[in-house]
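Chemist: quick one: sequence plus predicted model below, questions after.
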Amino acid sequence: MDLANLNAFIAVAELGSFSGAGERLHLTQPAISKRIAGLEQQLDVRLFDRLGREVNLTEFGRALLPRAYQIINVLDDTRRALVNLSGAVSGRLTLATSHHIGLHRLPPLLRTFTRLYPAVALDIQFLDSEVAYDEILHGRAELAVITLAPMPHPLVKAVAVWDDPLDFVVAPEHSLALKKDVSLADIAHHAAVFPGGNTFTHHIVQRLFQQQGLAPNIAMSTNYLETIKMMVSIGLAWSVLPRTMLDEQVVTLNLPGLQLTRQLGYIVHTERTLSNAARAFMSLLDAQGELS
């Protein structure tokens with residue numbers, strides 16, 4: 001089975017677009033179509049239904065996709081295992097990370113890594129933590145540094161590096177800012193801006209309210225913490241933000257007896273052979289975790 005055709009199939013299946021697959025693989029759309037046609041001819045099945053601009057997997061395509069991932073991942077593992085025998089820390093390291101961690105936690109580690117291992121080409125992908133999680137599961141990234149999921153997938157190894165305390169915050173002129181102490185029930189009556197419903201942070205905060213039989217009044221949501229901070233600072237709503245982001249633009253609310261935190265760290269696929277570059281970066285992360 002031609003690997004170029006298989007990679008084209010995976011790209012079209014994931015993106016639902018021949019043109020999008022071409023952009024990802026740096027090929028023209030006709031070249032992608034030719035590769036898909038070659039794979040369909042080789043397997044003697046139709047892999048995609050093309051209805052207008054929509055591209056959907058057929059039953060045969062859905063059956064092939066998980067096997068295609070397995071084939072590509074086995075070959076990648078074999079290549080890494082052979083390269084690892086040399087002991088050299090080189091090659092490409094595909095690292096996925098969230099915008100928040102990439103801005104607030106990783107820069108010193110990246111600086112150290114690039115100084116120690118100049119032969120490694122870093123491919124850093126800034127993604128939501130939940131998207132980065134899928135990149136690891138599907139083998140498209142080797143290592144991800146993200147907000148850790150409360151319940152990790154069985155095929156994912158998660159290692160905590162930083163405790164990331166979360167604080168309830170409002171604008172200085174917000175009515176809640178005038179109170180010395182507030183309760184979760186007090187906060188629930190006011191409009192909130194939350195991380196998106198698909199995020200791990202959203203679930204952490206939502207679970208806290210549910211434990212007290214309360215429901216937050218979520219007026220709006222976004223996955224970008226900087227946007228949340230801006231909305232809070234102009235008085236639109238309260239929210240929960242990492243303590244590392246706080247400054248004079250917002251006021252921290254005091255909730256006696258309540259402490260909220262999330263864990264930041266790295267994840268890898270348990271069945272993937274890791275490159276020497278990935279292991280070297282993990283060692284830096286482990287050392288950082290010991291210091292934190």
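Modeler: Yes, it's here.
Chemist: nearest residue to His153 other than its sequence neighbours?
Modeler: Sequence neighbours aside, Leu137 is the residue nearest to His153 in space, at 6.5 Å (criterion: CB to CB, 6 or more residues apart in numbering). (Each C-beta comes from the backbone N, C-alpha and C, glycine too.)
Chemist: kindly report the same for Leu75.
Modeler: Nearest non-adjacent residue to Leu75, counting by CB to CB, 6+ apart: Leu3, 7.1 Å away.
Chemist: the one you found and Asp76 touch, don't they?
Modeler: No: between Leu3 and Asp76 there is no contact under CB atoms under 8 Å: 10.5 Å.
Chemist: list the contacts for the residue nearest to Leu75?
Modeler: Going by CB atoms under 8 Å, 6 or more residues apart in numbering, Leu3 touches Ile71, Ile72, Leu75.
Chemist: any idea how far it is from Ile72?
Modeler: Distance from Leu3 to Ile72, counting by CB to CB, to the nearest Å: 7 Å.
Chemist: also His174?
Modeler: 51 Å.
Chemist: for Leu137, give me phi and psi.
Modeler: Here is the backbone geometry of Leu137 (degrees, to the nearest 10): phi -60, psi -40.
Chemist: all strands of the stretch 51-200 of the chain, in order?
Modeler: In order along the chain, the stretch 51-200 of the chain carries the following strands (DSSP state E, counting those that start in this stretch): 54-57, 91-97, 120-126, 143-147, 156-170, 191-194.
Chemist: please save the CA atoms from the fourth one in PDB.
Modeler: The reference is to strand 143-147. C-alpha atoms of strand 143-147 as PDB (Å, rounded to 0.1, in the frame of the first residue of the first chain):
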ATOM      1  CA  LEU A 143       4.500  15.200  23.000                       C
ATOM      2  CA  ALA A 144       1.900  17.600  24.300                       C
ATOM      3  CA  VAL A 145       2.200  20.100  27.200                       C
ATOM      4  CA  ILE A 146      -1.300  21.000  28.200                       C
ATOM      5  CA  THR A 147      -3.900  21.300  30.900                       C
END
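Chemist: good, we can wrap up now.
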